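Participant: have a look; sequence and predicted model below, questions after that.
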Amino acid sequence: MNDIVYAGLPEDSGEHKHKGCEVICASSRGEITADGVSYAYKKGDAVIIPRQMAHTNGSSDVCVLIENILLPVSGVCVISGRGAEDIAWVCGRARDLFESAVPEKQVVCDGLGALLRALIAAYCGVNDYSPAVKCVLAEIDKGVSDSTFSLENSMRSLPLNYDYVRKLFKKEVGQTPLEYLTARRMSLAREIILSGLTNRYSNYTVSQISEMCGFAEPLYFSRVFKKYYGVSPKEYMAKNR
């Protein structure tokens, strides 16, 4: 799920914040102020601003907003050199796409969002989680498509207080463990639909997609999907095919 919802020149003036992560490709030297702290950057740098962080924008050629990113940064990250060049290339393609009338724009945007997420993770070091959080993340990775997976049982099996681990996870990842698991499953569901993959005879049914995404009940899966994307899985299939 790494939704690029905007790509172009910064639209906000004054202090503001966003639902998602903001990526700025700097066109000149300047600084960004976030939560009362100033971060200097130079021309060519990429600046990553976490979601819900109040800030003022500096000078930039391209600004990209990406929501539902599953590895949010915990603080402003200024990237230089090759990393900034790679991020600027992705942001530039996203801007071109937003200004075009490409029929499959959403599918391509999803791919660019996934690539941007990977670059942010690589160059901002957002995988530097505590051992307990890494353990929970690993368990979620293994159980994301397993309808018998119990996140609560998995967390309670750790030699640490359950509430402590939950709060630590929320602090480091930006979501509760359940929110993160649900987001992973919704991302997987959408990827299956947008990919156009089929079973042996036809497109996957809602029940089959539900099972592949770790949901035991298709009806519950449909309710969660609609909450995320505003339409039912069937409507989403029809819209994107």
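Facilitator: Ah, there it is.
Participant: which SSE is the nearest residue to Lys239 once chain neighbours are set aside in?
Facilitator: Leaving out its chain neighbours, the residue that sits closest to Lys239 by Cβ to Cβ, 6 or more residues apart in numbering is Val231, at 6.9 Å. The C-beta positions use only the backbone N, C-alpha and C, and glycine is treated the same way. In the assignment (DSSP states H and E), Val231 maps to no helix and no strand.
Participant: does Val231 touch Met237 like I think?
Facilitator: No - using Cβ atoms under 8 Å as the test, Val231 is too far from Met237 to be in contact (9.5 Å).
Participant: with neighbour numbers in mind, choose between the two.
Facilitator: Met237 (19 against 13; other Cβ atoms under 10 Å).
Participant: show me how the record splits the protein into domains.
Facilitator: Domains of the chain are assigned by automatic domain parsing as 3-124, 131-240.
Participant: which strands or helices does the helix or strand where Asp96 lies pack on?
Facilitator: Taking DSSP H and E as the criterion, Asp96 maps to helix 81-98. Helices and strands touching helix 81-98, by 3 or more Cβ pairs under 8 Å, 6 or more residues apart in numbering; DSSP states H and E, are strand 3-8, strand 21-25, strand 46-49, strand 62-67, helix 105-124.
Participant: tell me which residues in the last one are buried?
Facilitator: It stands for helix 105-124. 108-110, 112-117, 119-120, 123-124 (16 or more other Cβ atoms under 10 Å).
Participant: how far off centre is stretch 132-139?
Facilitator: 18 Å (Cα atoms, centre = their mean, to the nearest Å).
Participant: repeat that for stretch 97-117.
Facilitator: For stretch 97-117 - counting by Cα atoms, centre = their mean - the centre lies 14 Å from the chain centre.
Participant: give me the contacts around that stretch.
Facilitator: Contacts to stretch 97-117, defined as Cβ atoms under 8 Å, 6 or more residues apart in numbering, come from residues 2-4, 6-8, 23, 64, 66, 69-71, 87, 90-91, 93-94, 190-191, 194, 240.
Participant: one more: stretch 209-223?
Facilitator: For stretch 209-223, using Cβ under 8 Å, 6+ apart, the contacting residues are 143-149, 185-186, 188-189, 192-193, 204, 206-207, 224, 232-233.
Participant: list the buried residues for it?
Facilitator: Buried positions in stretch 209-223, judged by neighbour count with 16+ other Cβ under 10 Å: 209-215, 218, 221-222.
Participant: what of stretch 46-56?
Facilitator: 46-51, 53, 55.
Participant: nearest to Gly83, of the buried residues of stretch 209-223?
Facilitator: Of all the buried residues of stretch 209-223, Cys213 has the smallest distance to Gly83: 32.4 Å, by Cβ to Cβ.
Participant: what pLDDT does the closest one get?
Facilitator: Listed pLDDT for Cys213 reads 94.
Participant: make sure Tyr39 is indeed in a strand.
Facilitator: Yes - according to DSSP: H, G, I helix; E, B strand; the rest coil, Tyr39 belongs to a strand.
Participant: can you give me the neighbour number for it?
Facilitator: Neighbours of Tyr39 (other Cβ under 10 Å): 18.
Participant: got it, and Met155?
Facilitator: By the measure other Cβ under 10 Å, the count of residues near Met155 is 21.
Participant: do you know how far it is from Lys170?
Facilitator: Distance, Met155 to Lys170, by Cβ to Cβ, to the nearest Å: 12 Å.
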